[in-house]
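Engineer: my questions concern the predicted model and sequence given below.
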Amino acid sequence: QVQLVESGGGLVQSGGSLRLSCAASRFTSDYYGIGWFRQAPGKEREGVSWINNSDDTYYTDSAKGRFTISRGNAKNTVYLQMNSLKPEDTAVYSCYAGGTRTMTGIGVASWGQGTQVTVSS
């Protein structure tokens, strides 16, 4: 089972940027895709973005135009660049291996521990 470790979270002002990293113990191409979920206090988990092994990318509507998912050159890291952050983006962001373009949690093989993102107004 692949081990996933997130980093890059923190506190940022509204309009700012953060880049999250998801480091995998194996090549990310060993799985059909790698994605990010987030969960805010009192809210359900939400699929944010997903990238498949063809590097096709998918985003939830609220992330389109602001977030970019990509793979690192070493192919065992996936990044989530988040720009124009809003207070409603505040959540724990977790990366996962597997999944599908629907980002519903179906087919997830492994989860990371998560990293906190807090956007102040």
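Structural biologist: Looks like it arrived, so ask away.
Engineer: contacts for whichever strand or helix holds Gln81 next, please.
Structural biologist: Applying DSSP states H and E as the criterion places Gln81 in strand 77-82. Contacts to strand 77-82, defined as Cβ atoms under 8 Å, 6 or more residues apart in numbering, come from residues 17-24, 28, 34, 36, 48-49, 51, 63, 66-72, 89, 93, 95, 117. All C-beta spots, glycine's among them, are computed from the backbone N, C-alpha and C.
Engineer: now swap in stretch 2-16 and tell me
Structural biologist: Residues from elsewhere that reach stretch 2-16 (Cβ under 8 Å, 6+ apart): 18-26, 30-31, 84-87, 93-97, 109-121.
Engineer: ends of it, what's the gap?
Structural biologist: Stretch 2-16 has an end-to-end distance of 32 Å (Cα to Cα, to the nearest Å).
Engineer: which parts of this structure are strands?
Structural biologist: 4-7, 10-13, 18-24, 33-39, 46-52, 57-59, 67-71, 77-82, 91-98, 108-111, 115-120 (DSSP state E).
Engineer: from Lys64, how far out is Ser17?
Structural biologist: Going from Ser17 to Lys64 by Cβ to Cβ, to the nearest Å gives 16 Å.
Engineer: kindly report the same for Pro87.
Structural biologist: 18 Å.
Engineer: from Leu4, how far out is Asn73?
Structural biologist: For Asn73, the distance to Leu4 equals 18 Å [Cβ to Cβ].
Engineer: sorry, back to before: got a ChimeraX select line for the buried ones in the contacts of stretch 2-16?
Structural biologist: In ChimeraX syntax, the buried subset of these is picked out as below (16 or more other Cβ atoms under 10 Å):
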select :18,20,21,22,23,24,31,85,93,94,95,96,97,110,112,114,115,117,119
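Engineer: elements contacting the helix or strand of the chain with the lowest mean pLDDT?
Structural biologist: In the chain, no helix or strand scores lower on mean pLDDT, DSSP states H and E than strand 108-111, which sits at a mean of 92. Contacts defined by 3 or more Cβ pairs under 8 Å, 6 or more residues apart in numbering; DSSP states H and E place strand 108-111 against strand 91-98.
Engineer: export the strand it packs on as PDB, just CAs?
Structural biologist: Output in PDB follows, covering the C-alpha atoms of strand 91-98 (Å, rounded to 0.1, in the frame of the first residue of the first chain):
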ATOM      1  CA  ALA A  91     -10.200  23.000   5.500                       C
ATOM      2  CA  VAL A  92      -8.000  20.000   6.000                       C
ATOM      3  CA  TYR A  93      -6.700  18.900   2.600                       C
ATOM      4  CA  SER A  94      -5.900  15.200   2.100                       C
ATOM      5  CA  CYS A  95      -4.400  13.600  -0.900                       C
ATOM      6  CA  TYR A  96      -5.300  10.000  -1.900                       C
ATOM      7  CA  ALA A  97      -4.200   7.400  -4.400                       C
ATOM      8  CA  GLY A  98      -6.700   5.800  -6.800                       C
END
